[in-house]
Structures are given as structure tokens and as C-alpha cells.
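Enquirer: take a look and give me a structure for this.
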Amino acid sequence: MIYIYNAGPLFSEADQKQRKLEGELLREIGKDHTDFFVANPIDLPLDQTGPLSSQIIFDTDNQHIQKANVFFFELATGDPGTMVELGMAIQRLINKEEIRLYPIFSDLRLIRNSASGIECPVGFNSFVTGSLTYHQIQTYPDFESAYQAFKRSLAASV
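Expert: Numbering: from 1, shown residues only. So this is what the prediction gives:
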């Protein structure tokens, strides 16, 4: 089964629109597969009629994180929740679980300053970037690049 968890900040209108677009694209590619699920936190059915407790949010997201075997992470903003989710996925790698990570650093300063990769002086946390480079995980400059890489891996596995 392909079980995708899509992680990224959800606090601004732009963040929410981007996560919804990502969820739509991921679900679209899943139409060709029978065992395919996308856990996109912005789309999860939580009771939005009142305040959500932090425990409910953690429990709901954690259930999906533990089931997922494919992860997309928007990391450029340093959103603390997304960083915790990344850490949980990295721990699964350390535990030798078979999962795939598609970390995204969509920071326009990289292109504007002709910088490339995550080992550059833009200000990404070295522990975070080190967790990715240590595990030889490729990073992507935008969701589209990560999405296309995922599509290629799906096509190669068929």
C-alpha cells in the first residue's frame, strides 16, 4: 500500500492553499492505484466547529505518520510542527523502516542568490539538513520537483 503523509505549515492563507493543491495532485496520481491513501492534514476530517485541542491534533497526525510510507515535507519555513513530523520520520529510518521522504526547501532566496542545495548560507538548521544528508535523502526546490520524482518512482515500481 502507498500511504502518503503531506507535511507543511498551515497557518497562512497561502500555506493552506498550497497544501490543498498538493493534496489534490497527490490524490490525482493515486487514482491509478488501488492501495493508495493521502493523509493531508488540511483535509483531514476534524471537528472544525470549535477549538481543536493540541492532543487531538497530535493524535490524529501521529496515527497517519505511523502508517505512512511516503512523506512530503515543506521545510523552508522551519515550521516547528513540520520539523517534529520530519524527526518522527527520520526515527523510522533509523529503525530501518522502508519509507521514502521528499523534503522540499522552497526558498526563493536560493535561486535569487544562485545558491543550490541545502548546505548553503541561507539559514537552514544544520541538524535538520544533516539528518537528510546523513541518510542520503535528496531534497527538492519545490513541490513540483518532489512530485515529479515521486511519479517517476511509482512508474518504475510498476
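Enquirer: please make it C-alpha for all contacts and neighbour counts, starting now.
Expert: Noted.
Enquirer: can you map out the helices along the chain?
Expert: Using DSSP state H, the helices found in the chain span residues 13-30, 54-67, 80-94, 108-112, 126-134, 143-157.
Enquirer: Tyr102: which of the ones you listed is closest?
Expert: Closest approach to Tyr102 among the helices of the chain (CA to CA): helix 143-157, 5.8 Å.
Enquirer: tell me which other helices or strands the closest one touches.
Expert: helix 13-30, strand 100-104 (3 or more CA pairs under 8 Å, 6 or more residues apart in numbering; DSSP states H and E).
Enquirer: let's see it at 6 Å
Expert: Of the remaining helices and strands, none touches helix 143-157 by 3 or more CA pairs under 6 Å, 6 or more residues apart in numbering; DSSP states H and E.
Enquirer: how about residues contacting that helix?
Expert: Outside of helix 143-157, the residues within contact range by CA atoms under 6 Å, 6 or more residues apart in numbering are 102, 140.
Enquirer: kindly recompute the last result at 7 Å.
Expert: Applying CA atoms under 7 Å, 6 or more residues apart in numbering, the external contacts of helix 143-157 come out as 102, 104, 140.
Enquirer: now stretch 56-72
Expert: For stretch 56-72, contacts defined as CA under 7 Å, 6+ apart pick out 2-7, 39, 41, 98-103.
Enquirer: how far does that stretch sit from its chain's centre?
Expert: 11 Å (CA atoms, centre = their mean, to the nearest Å).
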